[in-house]
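K.L.:
missing the sequence, but the structure's below:
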């Protein structure tokens with residue numbers, strides 16, 4: 001499935017900028033791999049733990 005940042009944002013009820021910041025944060029933490037238009041999540045458990053601990057809210061949007 002191919003989605004733009006804007007399409008992802010619309011789907012989850014956010015704005016494109018928020019999606020872009022979140023993906024950058026996930027990439028910097030090694031939680032996702034982005035190659036061109038492909039996004040890979042090596043460990044859904046690690047990504048879930050990251051989000052549940054609130055790191056995303058504290059770092060990407062401060």
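P.N.:
Here it is on my side, so go on. Quick caveat: nothing in here was measured; it's all calculated off a predicted structure.
K.L.:
and residue 10, how many neighbours?
P.N.:
Residues contacting residue 10 under the criterion other Cβ atoms under 10 Å number 14. (C-beta placed from N, C-alpha, C; glycine too.)
K.L.:
cool, residue 32 as well?
P.N.:
19.
K.L.:
so what's it up against?
P.N.:
23, 26, 39, 40, 41, 42, 47 (Cβ atoms under 8 Å, 6 or more residues apart in numbering).
K.L.:
got it, and residue 1?
P.N.:
Counted by Cβ under 8 Å, 6+ apart, residue 1 has zero contacts.
K.L.:
Check what pLDDT it gets.
P.N.:
Listed pLDDT for residue 1 reads 79.
K.L.:
any idea how far residue 38 is from it?
P.N.:
11 Å (Cβ to Cβ, to the nearest Å).
K.L.:
quick one: residue 8 and residue 17 touch, right?
P.N.:
No. Counting by Cβ atoms under 8 Å, residue 8 sits too far from residue 17 to count as a contact (11.8 Å).
K.L.:
Spatially central residue in this structure, please.
P.N.:
By Cα atoms, centre = their mean, the chain has its centre lying nearest to residue 23, at 3.3 Å.
K.L.:
circling back: of residue 8 and residue 17, which one has the most company?
P.N.:
Comparing residue 8 with residue 17 by neighbour count (other Cβ under 10 Å), the higher total belongs to residue 8, at 17 against 12.
K.L.:
List the single closest residue to the more buried one in space, sequence neighbours excluded.
P.N.:
residue 19 (4.9 Å; Cβ to Cβ, 6 or more residues apart in numbering).
K.L.:
And residue 11, by the same measure?
P.N.:
residue 3 (7.5 Å).
K.L.:
Check the gap between the one you found and residue 13 for me.
P.N.:
Counting by Cβ to Cβ - residue 3 and residue 13 are separated by 15 Å.
K.L.:
Helices of the chain, residue ranges please.
P.N.:
5-12, 16-28, 44-52, 55-59 (DSSP state H).
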